[in-house]
Every structure is written in structure tokens, then in C-alpha cells.
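> Sequence first, then the predicted structure, then my questions.
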Amino acid sequence: MSDTSPILIWLRRDLRLSDHPAFHAACSTGRPVIPVFILDPLYEGLGAAPKYRMGLGLEHFGETLAEKGSRLILRRSDSALDALKALLKETGAGAVYWTRQYDPDAVARDRGVKSALKEDGIDARSFGGHLMFEPWTVETKTGGYYKVYTPFWRSVKDRDVDEPLSAPSDIPVPESWPASDDLKDWQMDAAMNRGAEVLRPFLQLGEKAAQSRLGAFLAHKVADYNTNRDLPSVDGTSNLSENLALGEISPHQCWHAGQRALHEGKSGAETFLKELVWREFAYHLMHHTPRILTSNWREEWAGFNWNEDERHAEVKAWKQGRTGIPFVDAAMREMYVTGRMHNRGRMIVASYLTKHLLCHWKIGQKWFEDCLIDWDPASNAMGWQWSAGSGPDATPYFRVFNPVSQLDKFDKQHAYPDRWIAEGRSAPSKDALAYFDAIPQRWHMSPDDPYPEPIVDVGDGRKRALHAYENRDF
């Protein structure tokens, strides 16, 4: 194959130019580079909010490439392999490079693609970049995988993390470009309905925005991160999960920036680094035990009698933020309006669903998969199983977060529910009212409705949960 043949960059969750090993390697050859995104069944099947966010991310990245004199080629296909083969034929490309993904469906797809392309004589290469540590490279002293976070952290905290690569100064372009789908025809926002307009102002798209977020966090917030990360009414976190989910910033970039802050004496920087490694731990577990996505990681929990009926009235109230528990309801409404939820809120709503309501964690996992713009398969699954007690590093079954006392502890003035709950308030906030503009009209909810009484008393719910756990059949 001619050394001047183009290279296809098959983009997925890596919508950036800096610290992009596959892009860097392709541009370094001097050969024409053709960036490609394929809307295959794995992306067609995304939930409403993450699919909408991906569409916006693709639009923004296409504009970034255009500023560099390049283009983003879009193709929709039932088979990523078929789409790539068609593009190889149309362009005369001799290579396809991509960034690895790690969920089981993506791994199966990518292995099939690599094998088929190599059989056709195509140079098919996968690169790292979505993680700092490839999951198979972190092992216990006995050669196994880590099942507990703290030993995992100790194992990797002093490891060398690759220095971030700079963005290519020049993206070589082909003599002619293949045809591209029109992103608007894909209707990535269709499932959002009227919620898209409400959600959009809360999003920060693209690489520049992500870098600005990181810089502002380290300059102004990381010093107090240990405390403020637990306060739901305070903007004390990095908010980078939105950008990490689509690879608009790399974990390497976050790690090295966090290390610099740590060396400057900013006390919260180590906790920030631990959060980055918590993300790595989720991927480590997904790689070694992919069942974490679909079934109880602790297999003995298969016998626990959770409610699995999504139509149950209590589940409906939980989804709609109408449980009568202000911390739970505020967090659920924040997610529906912004596409994100405060970390402390995620713990509270997950504990409430799985313990106070004794509902299966899969119900919450599925709802988050539909509502979160920062949805990540590994982190979402591990977070839910951690809260439910069925996962690795899980909260003990007897730890049932009290959402009333938790609010009093972390938000004494109740500013968080004041921001997100409209019912019962004479002058609801703009954000609280926005919730009613975003939700489906079939929910028949109004800010003028009375705020509901608790669907389950927190004390009674805790007793019910402990009774169920103590009498579990395993």
C-alpha cells in the first residue's frame, strides 16, 4: 500500500485534538487524514440526554476541524465495519486508527473490525487515550485484578502517566473528500423533545471549554475540594465529567494538571486525583468483570428480592422528583434540567431507591443512562452497585443514608432544594420552574401543585431495608 494513502481516524469518545494518540500518530506520518464518525447501533441506542450531548459534541468538533482546514465525515450504518470498508474503497485509504473503548459491546465490535480489516490488508490500529492505565496493566501481587479501590489507588498513584501530547500543528488533508451525512438528519436530539432547549444553556461543549473548566477549577476551587465537593448547593467540583465522557479532555491532561496543583500545596488536589483514579477503577472492573454492567457484581445478591417493576408508583415518584424527600427530589430535578447531578445527590438518590424503596439498582442505572449527559457505562454501573450494596467496594447493607439528616449535614440552609423545587414556594427560582418546561406534559405536573408528603417515612424505610437485608436468602 502506498505510503501516501490516506488514514481514516475513526472517532468515538475522543472528540479532541490535543493528547489524542491516534490523531497524533496519523498526522505524524504526513499522510492525508480523514476524521470519521459512524453512527452505528451502539450510538443509536444511547439514552436521550447522552445522545443529544454527543450530537452537540460532534457538531462542535466538526467546527473545530473546519477551523484547521479539515472536515468531519459522518456516516450512519447498521455496521461500523461496512461503513469503514465503504470509506476505504471511496478514499483509497490504507489505514484506520482509533481510540480504544472498553465496554463489552464496543470491544466485540472493535475486535471484529480489526480482524476483518487486517485480513483485507488494511493497517488497523487501536490506541489508548480514554484511560490513564490500560485495565490489563494493573495487577495485584498475585497477578489478579483489584476488587477494592484503596489498594488499586496505592498501586497506581505513583505510576508514570504519559505526558499529554500537543495538538497537531497541521492536519494533512486528502485531495478530495468523501461524501458526508448531514448531522441534522440524524436528529440526535429527537428523544429530548422540549427538554433540549432547557438543557442546552447548562452545557459546555468542546476542548477549549473543557480546558477552561479544568483551569478555573484548579485556580479557584481545588484548594477547598475536600469540603466543597460534598456540599450540593456549592459549585465546588470540576464539572469535567461532561467533557471526559466524550473525550473532549483526556484523563492524562487532568492528572498532570492535578499533580501540579498538589505540588503547589493545594490541599484538595489529591482528592481530585483520587476521583480520576476512581474512574479508572470502574473501567478496571468492567474489563475484568463485565457482568457489573448487567447483573449483581456480588453474585450472592442474585437471590435478593428487589422490586423490579418500573411501573410501580414509588418508582414513578422517584423518577419525577415527587418522593416528598427534598434532597432526593432536588437531585432528580437537577439531573432533568442540567443533565448532571451533584455527587452527593447521586449517592442519596441511589441509596433511597435501592434501600428505602427496595427497588433494583438496574431501574436507577437505566434512568441515569437516559438522563445524564455525562453518562459513562463503567462509572454508572459501579456507582449504582456501590450504593445498592451488590457491587465492589460497596456500602455495607446496614449503611442506609438518611436523606433528611444528610441534607441538614451538607446543606444546613436547604439552599439546594430551594433552587430546584418550586412547589410550596411563593417565588420559585428560575431553575425550579425550568423543570416544568423540561418534563413530559403527560406527567401533568405544575409548580402550583402542593409538595407531596413522603411516599415512605425515612425511619420506616430504613427499618424495612434492614429487615429485608437481615433476612436475605444468601
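That came through fine. What you are looking at is a predicted structure, and each value in this text was computed from that prediction instead of being measured. Numbering: from 1, shown residues only.
> Low-confidence stretches in the stretch 251-400 of the chain?
394-397 (pLDDT under 70).
> That one: helices as residue ranges?
251-263, 269-288, 313-319, 326-338, 343-351, 361-371, 377-388 (DSSP state H, counting those that start in this stretch).
> Looking at these, which is nearest to residue 50?
helix 361-371 (7.4 Å; CB to CB). For glycine as for every other residue, the C-beta is placed from the backbone atoms N, C-alpha and C.
> tell me which residues in the closest one are buried?
Residues 361-365, 367-369, 371 are the ones in helix 361-371 that count as buried (16 or more other CB atoms under 10 Å).
> And stretch 98-105, by the same measure?
98-103.
> Please narrow those residues to those residing in strands.
Members of those lying in strands (criterion: DSSP state E): 98-99.
> what would the helices of the stretch 251-400 of the chain look like in a markdown table with distance to residue 432?
Formatted as a markdown table, the helices of the stretch 251-400 of the chain follow (distance: least, CB to CB, whole Å):
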| stretch | distance to residue 432 |
| --- | --- |
| helix 251-263 | 32 |
| helix 269-288 | 29 |
| helix 313-319 | 17 |
| helix 326-338 | 7 |
| helix 343-351 | 15 |
| helix 361-371 | 17 |
| helix 377-388 | 26 |
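> nearest to residue 46, of the ones you listed?
helix 361-371 (8.2 Å).
> Take stretch 240-259, keep the C-alpha atoms, and write them as PDB.
Taking C-alpha atoms only, stretch 240-259 is exported to PDB below (Å, rounded to 0.1, in the frame of the first residue of the first chain):
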ATOM      1  CA  LEU A 240     -15.400  17.800  33.900                       C
ATOM      2  CA  SER A 241     -17.400  14.500  33.800                       C
ATOM      3  CA  GLU A 242     -19.400  16.000  30.900                       C
ATOM      4  CA  ASN A 243     -16.300  16.500  28.800                       C
ATOM      5  CA  LEU A 244     -14.400  13.300  30.000                       C
ATOM      6  CA  ALA A 245     -17.400  11.300  28.800                       C
ATOM      7  CA  LEU A 246     -16.900  12.400  25.200                       C
ATOM      8  CA  GLY A 247     -13.200  12.700  25.400                       C
ATOM      9  CA  GLU A 248     -13.200  16.500  25.000                       C
ATOM     10  CA  ILE A 249     -10.400  16.400  27.500                       C
ATOM     11  CA  SER A 250      -8.200  13.500  28.400                       C
ATOM     12  CA  PRO A 251      -7.600  12.000  31.900                       C
ATOM     13  CA  HIS A 252      -3.900  12.500  31.300                       C
ATOM     14  CA  GLN A 253      -4.400  16.200  31.000                       C
ATOM     15  CA  CYS A 254      -6.500  16.300  34.200                       C
ATOM     16  CA  TRP A 255      -3.900  14.100  36.100                       C
ATOM     17  CA  HIS A 256      -0.900  16.200  35.300                       C
ATOM     18  CA  ALA A 257      -2.700  19.400  36.000                       C
ATOM     19  CA  GLY A 258      -3.900  18.000  39.300                       C
ATOM     20  CA  GLN A 259      -0.300  16.900  40.100                       C
END
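> I'd like to know which of the helices of the stretch 251-400 of the chain is closest to residue 412.
The nearest among these, by CB to CB, is helix 326-338 at 12.4 Å.
> Specify the angle between that closest one and helix 343-351 in degrees.
Counting by axes from the mean of the first three to the mean of the last three CA atoms, to 10 degrees, helix 326-338 lies at 110 degrees to helix 343-351.
> With just CA atoms, put helix 326-338 into PDB.
Extracted in PDB, the C-alpha atoms of helix 326-338 (Å, rounded to 0.1, in the frame of the first residue of the first chain):
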ATOM      1  CA  PRO A 326     -36.400  17.300  49.400                       C
ATOM      2  CA  PHE A 327     -32.800  16.100  49.000                       C
ATOM      3  CA  VAL A 328     -33.900  13.300  46.700                       C
ATOM      4  CA  ASP A 329     -36.400  15.400  44.700                       C
ATOM      5  CA  ALA A 330     -34.000  18.300  44.300                       C
ATOM      6  CA  ALA A 331     -31.300  16.000  42.900                       C
ATOM      7  CA  MET A 332     -33.600  14.200  40.500                       C
ATOM      8  CA  ARG A 333     -34.800  17.600  39.200                       C
ATOM      9  CA  GLU A 334     -31.300  19.000  38.900                       C
ATOM     10  CA  MET A 335     -30.500  16.000  36.600                       C
ATOM     11  CA  TYR A 336     -33.600  16.500  34.400                       C
ATOM     12  CA  VAL A 337     -32.800  20.200  33.900                       C
ATOM     13  CA  THR A 338     -29.000  20.200  33.600                       C
END
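> End to end on stretch 450-469, go ahead and measure it.
Using CA to CA, to the nearest Å, the end-to-end distance of stretch 450-469 comes out at 34 Å.
> Does residue 42 belong to a helix, a strand or coil?
Following DSSP: H, G, I helix; E, B strand; the rest coil, residue 42 is assigned to helix.
> gap between the residue nearest to it when sequence neighbours are not counted and residue 115?
Sequence neighbours aside, residue 105 is the residue nearest to residue 42 in space, at 5.7 Å (criterion: CB to CB, 6 or more residues apart in numbering). Using CB to CB, to the nearest Å, residue 105 is found at 16 Å from residue 115.
> sorry, back to before: name the residues of the helix or strand that contains the residue nearest to residue 42 that are buried.
Following DSSP states H and E, one finds residue 105 within helix 104-119. For helix 104-119, a neighbour-count test (16+ other CB under 10 Å) marks 106, 109-110, 113-114, 117 as buried.
> and it, what does it pack onto?
helix 41-44, helix 80-91, strand 95-99, strand 123-127 (3 or more CB pairs under 8 Å, 6 or more residues apart in numbering; DSSP states H and E).
> Looking at these, which one is packed in the most?
strand 95-99 (a mean of 23; mean count of other CB atoms under 10 Å).
> quick check: domain ranges of this structure?
For the chain, the domain assignment from automatic domain parsing gives the residue ranges 1-129, 131-161+205-288, 299-470.
> Which one of those domains lies nearest to residue 173?
Closest among these, once you apply CB to CB, is domain 1-129, at 5.8 Å.
> Shouldn't residue 10 be within a strand?
Yes - read with three-state DSSP, residue 10 is one of the residues of a strand.
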